[in-house]
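Asker: Quick one, fold the following:
(one chain, ligands or ions: 2)
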Amino acid sequence: MFSSSAARQSKVAVLGAGGGIGQPLSLLLKLDPLVSSLNLYDIRGAPGVAADVSHVDTNSEVKGFAADKLDEALEGTEVIVIPAGVPRKPGMTRDDLFNTNASIVRDLAAAIGRVSPQACVLVISNPVNSTVPIVAATLEKQGVFDPKRLFGVTTLDVVRSARFLGGIAGTDPKETVVTVVGGHSGATIVPLLSQLSAGKGLQGETYEKLVHRIQFGGDEVVKAKDGAGSATLSMAYAGARFANAVLRGLNGEKGVVTPTFVKSPLFADQGVDFFSSNVELGVNGVEKIHPIGSLSPEEEKLLAACLPDLKKNIEKGKAFVAQS
Ligand SMILES: NC(=O)c1ccc[n+]([C@@H]2O[C@H](COP(=O)([O-])OP(=O)(O)OC[C@H]3O[C@@H](n4cnc5c(N)ncnc54)[C@H](O)[C@@H]3O)[C@@H](O)[C@H]2O)c1
Ligand SMILES: O=C(O)C[C@H](O)C(=O)O
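Answerer: Ligands and ions are numbered 1, 2, ... in the order given. Next up, the predicted model:
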């Protein structure tokens with residue numbers, strides 16, 4: 001899963017490293033040859049996870065940081081991945097997590113703005129549609145927001161799309177790249193299946209069921225885990241894959257393109273100033289935001305349904321920081 005052509009390595013931090021995502025994500029980052037140093041932070045359990053992961057036989061150094069050592073954990077980091085916060089239980093929407101996770105993410109962002117404002121920040125904590133604007137607004141308040149260095153991780157939607165499409169079309173998920181645009185919750189997740197030859201011909205119930213499964217794949221896991229949380233293992237895989245893409249870009253590799261939720265001009269004229277679309281990653285983070293390309297009539301409808309929800313989620317995040 002990791003690709004690395006360049007030699008420069010980076011110091012990476014995981015905030016929320018003791019959790020369901022944080023632990024396997026830390027393990028996968030330990031396996032990434034582009035990571036030289038891994039700082040694991042959590043309000044509970046990170047030193048134990050770090051001791052465990054540090055025995056894996058790759059060259060990177062792993063350090064664990066207890067609850068009161070956040071600043072030390074952030075010192076000198078180039079990439080910070082945030083899976084801190086509570087997950088859903090059955091019957092909840094991602095927005096139901098806002099009340100708990102908004103302040104967690106805001107406080108972590110404030111520490112990042114103070115200690116390592118130059119780092120690329122990769123936000124996994126839900127609701128992503130709001131937590132990313134919360135990080136942006138917090139850094140903006142501190143005068144250190146760089147839109148090129150803030151990313152909402154929507155890779156799990158890309159991973160699910162490739163896997164679920166493969167189940168229908170018989171395509172190899174490893175060779176299937178589905179562009180998913182919009183945001184990361186329900187109707188804001190817009191897979192552009194018409195842009196692939198394997199997805200183009202799908203129609204009627206088959207198409208609608210596939211889109212629904214991609215949009216609500218998270219619910220499938222939440223239901224199956226029956227109160228014990230949401231996707232952790234597939235998310236750790238997706239998070240490590242996205243972190244590797246960012247690291248490859250920072251290393252100067254050209255042509256690293258993947259969907260991610262960033263500050264974006266694409267629909268800013270409609271009041272939606274954060275949006276996920278294909279983004280080229282480079283030495284400064286976001287190198288180029290690609291246009292979404294041509295859409296089928298069905299995808300036009302999905303996009304029309306996405307934008308108002310996304311706008312509300314973004315505004316909610318911004319308002320939270322403004323009132324803080
Ligand atoms: N972006 C995505 O595609 C995606 C996918 C799956 C889950 N998620 C989200 O990721 C988040 C984490 O999920 P999980 O299953 O790992 O939850 P979890 O409860 O297993 O782990 C969360 C961890 O965060 C820690 N934490 C809480 N407050 C913290 C703080 N202030 N600083 C540092 N750490 C703190 C907890 O101690 C815990 O170890 C949830 O919000 C979930 O909804 C996002
Ligand atoms: O569904 C969730 O709450 C977690 C995550 O956003 C997912 O898509 O699996």
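Asker: quick one: contacts for the residue in the stretch 201-324 of the chain that ligand 1 sits nearest to?
Answerer: In the stretch 201-324 of the chain, the residue that lies nearest ligand 1 is residue 235 (3.8 Å; Cβ to the nearest ligand atom). Where C-beta positions appear, they are placed from N, C-alpha and C, glycine not excepted. Contacts for residue 235 (Cβ atoms under 8 Å, 6 or more residues apart in numbering) come out as 21, 25, 83, 124, 156.
Asker: Report the contact partners of the first one.
Answerer: Residue 21 makes contact with 83, 124, 232, 235, 236, 239, according to Cβ under 8 Å, 6+ apart.
Asker: Okay, it and residue 15: tell me how far apart.
Answerer: With distances taken as Cβ to Cβ, to the nearest Å, residue 21 is found 11 Å from residue 15.
Asker: Can you name the residues of the stretch 1-150 of the chain that neighbour ligand 1?
Answerer: Within the stretch 1-150 of the chain, the residues that sit near ligand 1 (Cβ under 6 Å from any ligand atom) are 15-16, 18-22, 42-44, 83-88, 97, 101, 104, 108, 124-126, 128.
Asker: Can I get the buried part of those as one PyMOL selection?
Answerer: Of these, the buried ones can be selected in PyMOL as follows, counting by 16 or more other Cβ atoms under 10 Å:
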select buried, resi 15+16+18+19+20+21+22+42+83+84+85+86+87+88+97+101+104+108+124+125+126+128
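Asker: which residues in the stretch 101-250 of the chain form strands?
Answerer: All strands of the stretch 101-250 of the chain, identified by DSSP state E, counting those that start in this stretch, fall at 120-123, 150-152, 180-182, 189-191.
Asker: Pick out the residue of this structure closest to ligand 1.
Answerer: residue 19 (2.0 Å).
Asker: Would you map the helices across the stretch 201-324 of the chain?
Answerer: Using DSSP state H, counting those that start in this stretch, the helices of the stretch 201-324 of the chain run over 204-215, 217-225, 233-250, 297-323.
Asker: Most tightly packed of those?
Answerer: Sort these by mean neighbour count, taking mean count of other Cβ atoms under 10 Å, and helix 233-250 sits at the top with a mean of 23.
Asker: which sections of this protein are below the confidence cut-off?
Answerer: 1, 3-7 (pLDDT under 70).
Asker: ok, the residue of the chain closest to ligand 1 - contacts?
Answerer: Taking Cβ under 8 Å, 6+ apart, we find residue 19 in contact with 42, 83, 84, 232.
Asker: Pick the one among these closest to ligand 2.
Answerer: Nearest to ligand 2 among the contacts of residue 19: residue 232, at 8.8 Å, using Cβ to the nearest ligand atom.
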